[in-house]
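Enquirer: My questions are about this predicted structure, shown below with the sequence.
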Amino acid sequence: MQMPEDVGTDDCLTSYTHIYSPDLLKDQVAFITGGGSGIGLRIAEIFMRHGCHTAIASRNLDKLKEAANKLSAVTGRRCLPLCIDVRQPESIAAAVDDTLKEMGRIDILINNAAGNFLCPAASLSFNAFKTVLEIDTMGTFNTSKVVYEKWFKDHGGNIVNISATLGYKGQALQVHAGSAKAANDAMTKHLAVEWGPSGVRVNTVAPGPISGTEGFRRLGGPRGEAAGTFQSIPLQRAGNKTEMAHCTLFLASRASSYVTGAILVADGGSWLTSANDVSMLLGIASSNSAKL
Ligand SMILES: CC/C=C\C/C=C\C/C=C\C/C=C\C/C=C\C/C=C\C=C\C(=O)SCCNC(=O)CCNC(=O)[C@H](O)C(C)(C)COP(=O)(O)OP(=O)(O)OC[C@H]1O[C@@H](n2cnc3c(N)ncnc32)[C@H](O)[C@@H]1OP(=O)(O)O
Ligand SMILES: NC(=O)C1=CN([C@@H]2O[C@H](COP(=O)(O)OP(=O)(O)OC[C@H]3O[C@@H](n4cnc5c(N)ncnc54)[C@H](OP(=O)(O)O)[C@@H]3O)[C@@H](O)[C@H]2O)C=CC1
């Protein structure tokens, strides 16, 4: 299937056509977890192309520094690389302090950091299940709470969580990630209710399979073996990172000023049909050297 023309190719760093006003996020500041790779990196880039400054935060500082230099060179906006582990609230607190010191404010928080791999429930160790919940669910809560306490409580703000539709109907080899993302979808609604009176909106983008990402490689196979299953997706293709960034931009901006507690499903209709070919998934898991 052809890409819609105004979405362009997925290689934004070389060419990009605006859909929204280029000033949509002018002089705002976004704190993006997992902003050094994949979907998070594309969100940072698209936000910066709309006038935003960013802080990109994850565990690998070298990767973040390289990404930040590239992003600033292309967009002319500031990008602050920060080392955090979303499982460690103290590391988040230090990074949020640095962001406020360097940039003076935080308008937007994107909870994008996550960990995932294919593994049958019966083979999954207790620690593996706990690790994914700690990164995806505790990580989202930890970061939201720190940013709320340090800034949003008094100034308002916008939180967008990146979920996944893979658990909406149940998916083989994904009990850990599906459970974590389901908890996050509930968290979106609870925090929207509790923090709405402080001027904080909390929403979620729920992607399906997104090409050119680590998540796609891990779950779709290094050579895209799972691509055959695209026939089960109503739009007959994977999504791309730019499409996810545009959905995130909508929810993070004044374009969605009366939206809170919403889950924007951005998966080409995948979850309505859902592919669950267990033997194919087991093949991908073993080629990923998973511990089965
Ligand atoms: C929606 C789909 C609908 C329809 C589909 C239709 C068509 C499909 C077509 C194609 C499919 C294509 C794409 C897939 C679709 C959707 C993707 C959906 C969601 C994607 C979600 C993501 O999160 S992607 C993010 C991916 N990126 C990462 O994971 C990077 C970060 N990851 C990590 O850091 C690690 O992998 C980690 C998560 C394990 C954490 O690392 P660390 O803290 O260092 O932990 P460890 O000490 O290494 O390990 C902790 C325990 O976990 C065990 N472990 C680790 N790896 C595995 C594995 N591979 N298998 C099993 N167990 C593992 C490890 O052994 C430790 O446990 P112990 O008991 O040994 O201590
Ligand atoms: N790709 C896909 O098809 C889909 C992805 N998603 C969601 O999109 C988001 C991005 O995934 P994707 O771009 O594929 O994958 P990536 O692996 O590129 O992104 C995950 C990011 O999270 C960071 N991260 C992982 N663990 C931690 C941690 N403990 N503390 C801080 N940062 C951490 C990683 O950086 P570092 O290693 O430097 O810490 C990395 O930048 C995730 O929330 C994922 O669940 C949802 C559905 C489909």
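Expert: Received it, and whenever you're ready, just let me know what you need. Numbering: from 1, shown residues only. Ligands and ions are numbered 1, 2, ... in the order given.
Enquirer: Please list the residues of the chain that sit near ligand 2.
Expert: For the chain, the contact set with ligand 2 under C-beta under 6 Å from any ligand atom comprises 33-34, 36-40, 58-60, 63, 84-87, 112-116, 135, 139, 162, 164, 207, 209-210, 213-216. Every C-beta, even on glycine, is put in place using the N, C-alpha and C of the backbone.
Enquirer: Quick one, which of those residues are buried?
Expert: Neighbour-count burial (16 or more other C-beta atoms under 10 Å) applied to those gives 33-34, 36-40, 58-59, 84-86, 112-116, 135, 139, 162, 164, 207, 209-210, 213, 215-216.
Enquirer: Return the subset of those lying in strands.
Expert: Assigned to strands by DSSP state E, the following of these qualify: 33, 58, 162, 207.
Enquirer: Now do the contacts for the residue nearest the centre of the chain.
Expert: When the chain is reduced to its mean C-alpha position, the closest residue under C-alpha atoms, centre = their mean turns out to be residue 112, at 3.1 Å. Taking C-beta atoms under 8 Å, 6 or more residues apart in numbering as the contact definition, residue 112 lies against 32, 33, 34, 35, 39, 40, 43, 162.
Enquirer: Nearest residue to the residue of the stretch 101-250 of the chain found nearest ligand 2 in space, ignoring adjacent ones along the chain?
Expert: As assessed by C-beta to the nearest ligand atom, ligand 2 sits closest to residue 215 within the stretch 101-250 of the chain, at 2.6 Å. Nearest residue to residue 215, sequence neighbours excluded (C-beta to C-beta, 6 or more residues apart in numbering): residue 116, at 6.1 Å.
Enquirer: Correct me if wrong: the one you found contacts residue 177.
Expert: Yes. With contact taken as C-beta atoms under 8 Å, residue 116 and residue 177 are classed as touching, separated by 4.4 Å.
Enquirer: Now the common contact residues for those two.
Expert: Listed contacts common to residue 116 and residue 177 are 132, 136; contacts here mean C-beta under 8 Å, 6+ apart.
Enquirer: still on that earlier bit, show me the contacts for the residue nearest to residue 215.
Expert: 132, 136, 174, 176, 177, 215, 218, 219.
Enquirer: Which pLDDT does the model give it?
Expert: As summarised for this prediction, residue 116 has a pLDDT of 97.
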